[in-house]
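In: can't give you the sequence, but here's the structure:
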């Protein structure tokens, strides 16, 4: 989903004009190439992620934190890295961080954060008045065996 959302507008030549997404909601997601997010492809984004996700990195790291020698080695750019890129481009985003949270958070927003999802859809997408926002849910990062984030303290 994120790869499709951050593609530049396509289907030029349609009577209605080019097709692109108006916004995206990511639940512990990442993309393999941050350079695909640029002026024409960046869109308002609501990014839910835990800082101790062992499957999909919160920032930038190999998928599953494997080594370069492992089969399937792939660098991924998670929610924190995407937010940094959107910040550079001046595109509004909402980074919703759960300190110490793992990949199980991928299903949590649909149940626990529906009000935030509705607010994002209305403010950022419908009204087009989004702002840069960061929500930090406190938690224990003691179980993380990789990069710690000081805003979780």
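Out: Okay, I see it. Fair warning: this is a prediction, and the values are worked out from it, not measured in the lab.
In: Just give me the neighbour total for residue 88.
Out: Number of residues near residue 88 (other CB atoms under 10 Å) recorded here: 11. In short, each C-beta sits where N, CA and C put it, glycine included.
In: Tell me, how many residues neighbour residue 57?
Out: 25.
In: what separates it from residue 116, distance-wise?
Out: Note on residue 57: its distance to residue 116, by CB to CB, to the nearest Å, is 22 Å.
In: Dead centre of this protein: give me the residue that sits there.
Out: residue 79 (3.3 Å; CA atoms, centre = their mean).
In: thought it was touching residue 26?
Out: Yes: contact criterion CB atoms under 8 Å: residue 79 and residue 26 qualify, at 6.3 Å.
In: tell me, what's touching these two both at once?
Out: Common contacts of residue 79 and residue 26 (CB atoms under 8 Å, 6 or more residues apart in numbering): 47-49.
In: in this structure, which spans are strands?
Out: Using DSSP state E, the strands of the chain run over 24-27, 30-31, 45-50, 60-62, 75-78, 93-98, 133-137.
In: That concludes my questions; thank you for your assistance.
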